[in-house]
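Engineer: 3D model of this:
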Amino acid sequence: MSDAAERLSRIRLLILDVDGTLTDGFVYYGLADGPLKRFHIRDGQGVTNVQRVGVTVAFVTGDVAEATRLRAERLNVDELHQGIEDKGDIVRALLARYGLSPEDAAYMGDEPGDLPAMAEVGFSAAPADAVPEVVERVDWVSIFPGGRGAVRELCDAIVRARQA
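Structural biologist: Reported below is the predicted structural model:
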């Protein structure tokens, strides 16, 4: 088993940024009461797949949007934290709540605001189109951009590693 696979096999908590990670980063405004966001069905299936192997999933985002709440609800996400300024603080709180060590958690994000959270976990990941500052500092980079399969690729890697 490779080092990455071994580290992924330990994951019990997957924490995901939303905008630019679970979405393509575009926000649509129009007739709706709030911004519309586009989520990829494959990423959602990846979330469901890791939940089936016992991984707790959390969405952590600086934005507050009804679209995000609806997506988290649809996927039965265990934890939704919106309007978060310091993502590192919320990651520490999640680890404490679930009694986990940093090595038991993974975080995927795309912006410098995600770096404090990434520093708190044992495995950090980014979509292919994350900003260079993030790509240079994570453990793993998806071949897919945010909102277009990056989360699914990470989820599949976790599932494979846990089943090995």
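
Engineer: Report how many residues lie close to the residue lying closest to P35 once chain neighbours are set aside.
Structural biologist: In space, and not counting its chain neighbours, P35 is closest to V27: 4.4 Å by Cβ to Cβ, 6 or more residues apart in numbering. C-beta coordinates here come from the backbone N, C-alpha and C atoms, glycine included. If you count neighbours by other Cβ atoms under 10 Å, V27 ends up with 15.

Engineer: Tell me the pLDDT of V27.
Structural biologist: Per-residue confidence (pLDDT) for V27: 84.

Engineer: My guess is it contacts L36. True?
Structural biologist: Yes. Here V27 reaches L36: they are 7.3 Å apart, a contact under Cβ atoms under 8 Å.

Engineer: Kindly provide the distance from V135 to V91.
Structural biologist: From V135 across to V91, the span is 20 Å (Cβ to Cβ, to the nearest Å).

Engineer: Which one's more surrounded, these two?
Structural biologist: With neighbours defined as other Cβ under 10 Å, V135 and V91 compare such that V91 has more, 26 against 14.

Engineer: that's a strand at that one, yeah?
Structural biologist: No. Counting by DSSP: H, G, I helix; E, B strand; the rest coil, V91 is not part of a strand but helix.

Engineer: Can you give me the buried ones in the lengthiest helix in the chain?
Structural biologist: Secondary structure of the chain per DSSP state H: the longest helix is helix 150-163. Neighbour counts over helix 150-163 (16 or more other Cβ atoms under 10 Å) mark A150, V151, R152, E153, L154, C155, D156, A157, I158, V159, A161, R162 as buried.

Engineer: Equivalent analysis for stretch 100-118, please.
Structural biologist: Judged by neighbour count (16+ other Cβ under 10 Å), stretch 100-118 contains these buried residues: 100, 102, 104-111, 113-118.

Engineer: Also stretch 65-73?
Structural biologist: A65, A67, T68, R71, A72.

Engineer: can I assume I143 is in contact with A128?
Structural biologist: Yes. Judged on Cβ under 8 Å, I143 makes contact with A128 at a distance of 5.8 Å.
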